[in-house]
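> give me coordinates for this.
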Amino acid sequence: MCPRFACRHRRDDSPVWISFSERRSIAGSAPDVKAPAPWAALAGAAIGGLSSYLVFPAIGVEAVKCIPEFNRGTALGVYTAFADVSFFLAGPIAGYLIGYFG
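Purely as a prediction, here's the structure:
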């Protein structure tokens, strides 16, 4: 039984493809830092974007592991809703901060 507000798993319980996806995301972000041309930045963004399709469901699975089976659908819906809200708000907030701080 997991604690009520925290779910503790051993580090090696995570699937191998989570760490592979994280490494691919970092590899995709590297060209964006010092891209010599727009195509290099686009390639880095594509590699980083391809890695997120594995991370999002993997984190969702980890998030609902500690929830009783009869509430897992609700928990996954709440996880998805909060992720959508954060995706919606991240762009405008980042744009405001970039505009404010330059």
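> flag the shaky bits of this protein, pLDDT-wise.
Within the chain, the stretches with pLDDT under 70 are 1-33, 51.
> and the helices in it?
For the chain, helices defined by DSSP state H occupy the ranges 16-33, 38-64, 72-101.
> can you redo the ones you listed as JSON lines with mean neighbour count?
Glycine gets a C-beta too; all of them are placed from N, C-alpha and C. Converted to JSON lines, the helices of the chain look like this (neighbours: other C-beta atoms under 10 Å):
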{"stretch": "helix 16-33", "mean neighbour count": "14"}
{"stretch": "helix 38-64", "mean neighbour count": "14"}
{"stretch": "helix 72-101", "mean neighbour count": "11"}
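> now stretch 44-61 - C-alpha only, PDB.
Output of stretch 44-61 as PDB, limited to C-alpha atoms (Å, rounded to 0.1, in the frame of the first residue of the first chain):
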ATOM      1  CA  GLY A  44      16.600  19.800 -32.500                       C
ATOM      2  CA  ALA A  45      13.000  20.800 -31.800                       C
ATOM      3  CA  ALA A  46      11.800  17.700 -33.700                       C
ATOM      4  CA  ILE A  47      14.100  15.400 -31.700                       C
ATOM      5  CA  GLY A  48      13.000  16.900 -28.400                       C
ATOM      6  CA  GLY A  49       9.300  16.700 -29.500                       C
ATOM      7  CA  LEU A  50       9.600  13.100 -30.400                       C
ATOM      8  CA  SER A  51      10.900  12.300 -27.000                       C
ATOM      9  CA  SER A  52       7.900  13.800 -25.200                       C
ATOM     10  CA  TYR A  53       5.500  11.300 -26.700                       C
ATOM     11  CA  LEU A  54       7.000   8.700 -24.400                       C
ATOM     12  CA  VAL A  55       7.500  10.700 -21.300                       C
ATOM     13  CA  PHE A  56       3.900  12.000 -21.000                       C
ATOM     14  CA  PRO A  57       2.200   8.500 -20.800                       C
ATOM     15  CA  ALA A  58       5.000   7.100 -18.600                       C
ATOM     16  CA  ILE A  59       4.600   9.800 -16.000                       C
ATOM     17  CA  GLY A  60       0.800   9.300 -16.100                       C
ATOM     18  CA  VAL A  61       1.300   5.600 -15.400                       C
END
